[in-house]
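>>> kindly generate the corresponding structure for this input.
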Amino acid sequence: MKEEFVRLVETVKRVREKCPWDREQTHQSIRKYLLEECYETAEAIDENDKGKLKEELGDVLIQVIFHSILAEEEGAFSLDEVLKNTTEKLIRRHPHVFGGKKVSDSQAVLKQWEEIKNEEGRESVLSGVPRFLPALLRAYRVTEKAKTVGFDWSNVEEVWAKLQEELQELREAINNKKNLEEEMGDVLFALVNLSRHLRIDPEAALQKATERFINRFSYIEEKAKEKGLKLKDMTLAEMDRWWEEAKGWEDEKGNS
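This is a model prediction of the structure:
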């Protein structure tokens, strides 16, 4: 493994040195590729495609190495420093593994993790949640971190009651034509909390719901094409009939 890692680093360095395109790149210019590779890795995980996952993890690793090489060229830090810092941080934040501290369960581990990060000088419990995260994921991580210090509802029923309260406030905002965006945001935030209490990843849940919508709508488009019809000329009832057919097909596929 060590030999292959060194070989990869040397290969990336050579590409940086010899390739005209790579020589022109900066942290800012390749930022989007790091994000893209991370999302493609997440997609491979969702698809349970081990071959694709192996490839995408390699692509993420290339990005990490490339950024480290750029930083070394600037005199900021080296790849060795990145590796050393990361190893030391991992050891420091796992005293129950590398030290004599005892923890009762995974929740205790998370609480301990946050306490250690505070000791390291973090300004807020909520620090470290990037602003550029997808909104649902960011909300999930913020509420997850707040939970580590006890700022959370004690059960699902309390969260459900809060959601009902926010829905009523949204209805009133619609009637009054005031604060619509704010109240809609509160409803979505409450839904994220409900997802967390139900141990459901809201980002993954919405992605899957979107895929189901796309698949069902595509079915409607295919049926319309078969019949020589245009969607804009069809009634909603006609499209709904094919929508239900698509749902039935999904149910059969799921039970097969």
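>>> report pLDDT for the closest residue to residue 160 other than its chain neighbours.
Sequence neighbours aside, residue 194 is the residue nearest to residue 160 in space, at 6.6 Å (criterion: CB to CB, 6 or more residues apart in numbering). Every C-beta, even on glycine, is put in place using the N, C-alpha and C of the backbone. The per-residue pLDDT reported for residue 194 equals 97.
>>> distance check, residue 194 against residue 140.
Look at residue 194 and residue 140: by CB to CB, to the nearest Å, they are 11 Å apart.
>>> who has more neighbours out of those two?
residue 140 (22 against 17; other CB atoms under 10 Å).
>>> surely that one meets residue 201?
Yes - in this structure, residue 140 is within contact of residue 201 by CB atoms under 8 Å, at 7.2 Å.
>>> joint contacts of these two?
Shared contacts of residue 140 and residue 201, defined by CB atoms under 8 Å, 6 or more residues apart in numbering, are found at residue 195.
>>> nearest residue to residue 30 other than its sequence neighbours?
Leaving aside its chain neighbours, residue 30 sits nearest to residue 66 (6.6 Å; criterion: CB to CB, 6+ apart).
>>> tell me the contacts of that neighbour?
Residue 66 neighbours (CB under 8 Å, 6+ apart): 12, 16, 22, 25, 30.
>>> over to it. Which of the three states is it?
Following DSSP: H, G, I helix; E, B strand; the rest coil, we place residue 66 in the helix state.
>>> assign residue 151 to helix, strand or coil.
Criterion first, three-state DSSP; result for residue 151: coil.
>>> what's it sitting at in phi/psi?
Note on residue 151: its backbone torsions stand at phi -90, psi 90 [degrees, to the nearest 10].
>>> tell me how many other residues surround it.
10.
>>> that one and residue 57, how far apart?
Applying CB to CB, the value for residue 151 to residue 57 is 35 Å.
>>> and the residue nearest to residue 109 when sequence neighbours are not counted, how far from residue 59?
Spatial nearest neighbour of residue 109, excluding adjacent residues (CB to CB, 6+ apart): residue 103 at 5.3 Å. Noted for residue 103: a distance of 35 Å to residue 59, by CB to CB.
>>> ok, residue 239 next?
Taking CB to CB, one finds residue 239 at 40 Å from residue 59.
>>> what does residue 34 give?
On the measure of CB to CB, residue 34 and residue 59 end up 10 Å apart.
>>> cool, and residue 82?
From residue 82 to residue 59 the distance is 18 Å (CB to CB).
>>> got it, and residue 202?
Residue 202 is 26 Å from residue 59, by CB to CB.
>>> circling back: please name the residues that touch the residue nearest to residue 160.
Residue 194 is in contact with 156, 159, 160, 163, counting by CB under 8 Å, 6+ apart.
>>> what's the helix or strand for the residue nearest to residue 60 when sequence neighbours are not counted?
Leaving aside its sequence neighbours, residue 60 sits nearest to residue 37 (CB to CB, 6+ apart; 4.8 Å). Taking DSSP states H and E as the criterion, residue 37 maps to helix 27-46.
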